[in-house]
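A.B. asks: let me see the structure of the following:
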Amino acid sequence: MVDIEEMVPEWVGGLCGLLAPFVAYGLIAVAILVNADFSFAGSALSDLGAPEAAHGNIFNFGLIFAGFLFIIFILSMFRLSESEVGLIGLIGLIIGAVCLILVGVFPKGAAPHNLAALLFYSFSIGGMIIFGLDQFLEFEHVWGVFLWSNLGFALIAIGLVGTLSPEGIAIYQIMGSIPIMQLCLVFGSRLMFE
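C.D. replies: Numbers count the residues shown, from 1 in each chain. Purely as a prediction, here's the structure:
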């Protein structure tokens with residue numbers, strides 16, 4: 001049986017972790033630039049990939065490519081956990097990454113799009129919480145504190161943003177993705193340089 005830890009070298013996983021947020025946010029930014037009618041206050045990010053959007057393939061490709069990078073990154077993180085708790089958290093993160101790919105494959109208006117988006121956030125954040133617990137159990141307190149404080153920050157920010165109009169769901173989506181982006185940057189750096 002192949003050991004998951006041997007499938008992806010640490011530096012490759014770390015590099016994918018560092019690249020994933022830049023690919024996702026970079027192509028989202030390009031999609032915003034080419035869609036003049038997009039508004040953070042009145043749109044969802046998925047509007048950028050809808051069939052009627054100008055160059056919707058830019059947004060959708062960004063999510064698909066970032067999802068694959070995220071999977072490679074998470075596979076390399078299996079070496080950071082030796083407990084079943086950590087493995088459950090990492091499996092949750094992989095499921096979240098698969099759902100991110102599905103959000104790009106099934107653009108807004110396709111039946112599974114909304115479910116895939118909801119599952120992306122749910123599994124990714126849930127996986128981070130469980131993996132954070134693993135880091136506490138493995139006496140890696142600094143990493144557990146980082147993960148949980150990161151999530152706390154995001155929840156506070158989302159609560160503050162709650163004063164905005166519900167039509168501006170793009171802001172909520174960006175805020176919800178911040179902990180995932182930070183996980184990629186911090187643990188990607190950890191894999192590459194520790």
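
A.B. asks: so residue 88 makes contact with residue 128?
C.D. replies: No. Contact between residue 88 and residue 128 fails when scored by CB atoms under 8 Å: they sit 11.8 Å apart. In short, each C-beta sits where N, CA and C put it, glycine included.

A.B. asks: of the two, who's got more company?
C.D. replies: Taking neighbours as other CB atoms under 10 Å, residue 88 and residue 128 compare with residue 128 leading, 24 against 17.

A.B. asks: wait, doesn't that one sit right on residue 180?
C.D. replies: Yes. Counting by CB under 8 Å, residue 180 is a contact partner of residue 128 at 7.4 Å.

A.B. asks: for residue 39, which three-state class applies?
C.D. replies: Of the three states, residue 39 takes coil according to DSSP: H, G, I helix; E, B strand; the rest coil.

A.B. asks: just give the number of residues close to it.
C.D. replies: Residue 39: 13 neighbours (other CB under 10 Å).

A.B. asks: do you know how far it is from residue 45?
C.D. replies: 11 Å (CB to CB, to the nearest Å).

A.B. asks: so what's in contact with the two at the same time?
C.D. replies: Shared contacts of residue 39 and residue 45, defined by CB atoms under 8 Å, 6 or more residues apart in numbering, comprise residue 170.
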